[in-house]
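Chemist: Next comes the sequence, and after it the predicted model I'd like to discuss.
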Amino acid sequence: MRVRDDMTFPSDEYERRIADLRHRMQQRLLDAVVITDPENLMYLTDYQTTGYSFFQALVVPIDSEPFMITRQMEESNVLERTWVEITRPYPDTGDAIQQLVTTLKEFGLDTKNVGYERNSYFFPAYHQDRVHTSFRAGQLMDCFGIVEQGRLRKSPYEIDVMRRAAHAAEAGMRAGLAAAQVGATENDVAAEISRGMFTAGGEYPAVMPYVASGPRTMIGHATWEGRELRSGDAVFLEVGGCYRRYHAAIMRTVLLHEMTPAMEHAQERMTTALRELKAALRPGLTVSDADSIVRTIISDNHVGAELVTRAGYSIGIAFPPSWDEGYILSLMPGGDTVLEEGMTFHVIPWMWGVEGTRTVGISDTVRITETGCESFFELDEEFTISPGAEAAGNEPVGLRAV
């Protein structure tokens, strides 16, 4: 392992992560693991590239130096970004899987118990089948989740990086709230959010901001499509700030009209859910109990809204197509996983279908502390009323033509 001072974290942080991984490998009787998930590669080595759709793998033997298989063009990312010293690149005219199998044999791992991430997005079934066909003397075993066990609890170093991601997210959200005015377009708002994030030191996020207005707020995961904001609209914004691939996310809502009883009730339900949840979050609480707090409060409404998703999800390292770590852990019914210090969650007591016509949201990203939880944000949690809303009039709030 090369010691260098220009990575996201100090070398001892990566040494700890590899040592912890090897401890889990030993528990599972694995002689080596083949790690292909982009987030896991980043976590273990600081390796990143936008070219992660090409096959790439970190092989970690239980008792010898790790090595990487990458596309030849991406080898520079190993050499310039990571502590990894041994690489075996393949050219575009070569065979990535054959390179993996050949290199496993080169390092004496072809007769060993080797784990691989069977559920990795970027290690498809046809690649796995080819490895199984060629790897006859050893045993291949699914080890999906073996790295994620280490990612669940963030170290103090990681929390500091997430604070920088949150700073970018909050800067972007503030810019978006200011830009969401009658006559602007969803594209205008998205552009201001992006400018705010990036000028605050943020990097490209795993998902660009969600910006939906008027009837488009009822479309799941809708983002900007050029619609002009109109008097009477609600504007739903969700921003995920990113720094060194770590994310922190936040939802807010802008009203282009004066506060109505329905919107006031929705705001009260969401802010109450956040307040009650954050008062309860602490080590020892289960993810199911956390979900129940939010779900009970949001479900108790008289505006016909629903919480149609989980109440929150783990968040941290991410590449497109998603900024969440929900596949590792989510706040949802039936889960018995106990919260631990260092876990981080995007908690989302949003309301879908207020009076059947609009979706609104207020959310937070929090970390679990020794005795409770702490938010990464300082932004006011109430709805923003556009300064020009009153002057523009207060039209009916129902569905209208786009």
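Modeler: On my side now, so go ahead. Residues are numbered from 1 along each chain as shown.
Chemist: Any stretches of the protein with poor pLDDT?
Modeler: 389-402 (pLDDT under 70).
Chemist: roughly how far is stretch 314-324 from the heart of the chain?
Modeler: 2 Å (CA atoms, centre = their mean, to the nearest Å).
Chemist: my bad, stretch 361-371
Modeler: 14 Å.
Chemist: Tell me the buried residues in it?
Modeler: For stretch 361-371, burial by neighbour count (16 or more other CB atoms under 10 Å) applies to 361-368. (C-beta placed from N, C-alpha, C; glycine too.)
Chemist: could I get these as TSV with secondary structure and distance to residue 26?
Modeler: TSV is the format used below for the buried residues of stretch 361-371 (DSSP: H, G, I helix; E, B strand; the rest coil; distance: CB to CB, whole Å):
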residue	secondary structure	distance to residue 26
361	coil	44
362	coil	45
363	coil	39
364	strand	38
365	strand	34
366	strand	33
367	strand	29
368	strand	28
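Chemist: Now residue 348. Nearest residue, chain neighbours left out?
Modeler: Spatial nearest neighbour of residue 348, chain neighbours left out: residue 363 (4.6 Å); criterion: CB to CB, 6 or more residues apart in numbering.
Chemist: quick one: contacts for the one you found?
Modeler: By CB atoms under 8 Å, 6 or more residues apart in numbering, residue 363 lies in contact with 238, 249-251, 274, 346-350.
Chemist: Check the residues you listed and tell me the two furthest apart.
Modeler: Greatest spatial distance among the contacts of residue 363 (CB to CB): 238 and 274, at 14.9 Å.
Chemist: mind giving me the domain ranges of the protein?
Modeler: 11-151, 156-392 (automatic domain parsing).
Chemist: Confirm that residue 264 lies within a strand, as I assumed.
Modeler: No. Residue 264 is assigned helix when assessed by DSSP: H, G, I helix; E, B strand; the rest coil, not a strand.
Chemist: if I look at it, how far off is residue 270?
Modeler: Distance, residue 264 to residue 270, by CB to CB, to the nearest Å: 11 Å.
Chemist: Between these two, which is the more surrounded one?
Modeler: Counted by other CB atoms under 10 Å, residue 264 and residue 270 do not tie: residue 270 has more neighbours, with 29 against 13.
Chemist: so what's that one closest to, chain neighbours aside?
Modeler: Per CB to CB, 6+ apart, closest to residue 270 is residue 362, 4.4 Å.
Chemist: Between residue 238 and residue 274, tell me which one has more neighbours.
Modeler: Using other CB under 10 Å as the criterion, residue 238 and residue 274 rank with residue 238 on top: 26 against 22.
Chemist: Check the gap between residue 179 and residue 154 for me.
Modeler: 32 Å.
Chemist: How about residue 348?
Modeler: 19 Å.
Chemist: Pick out whichever of these two has more residues nearby.
Modeler: Neighbours per residue, other CB under 10 Å: of residue 348 and residue 154, the larger number sits with residue 348, 27 against 22.
Chemist: got a list of what residue 113 touches?
Modeler: By CB under 8 Å, 6+ apart, the contact list for residue 113 reads 29-32, 138-139, 141.
Chemist: and it, bridged to which residues?
Modeler: residue 139 (DSSP bridges).
Chemist: let's number from 849 now, not from 1
Modeler: Done: numbering now begins at 849, and the last item shifts to residue 961.
Chemist: What separation is there between it and residue 997?
Modeler: 18 Å.
Chemist: cool, and residue 1030?
Modeler: Residue 1030 sits at a distance of 49 Å from residue 997 (criterion: CB to CB).
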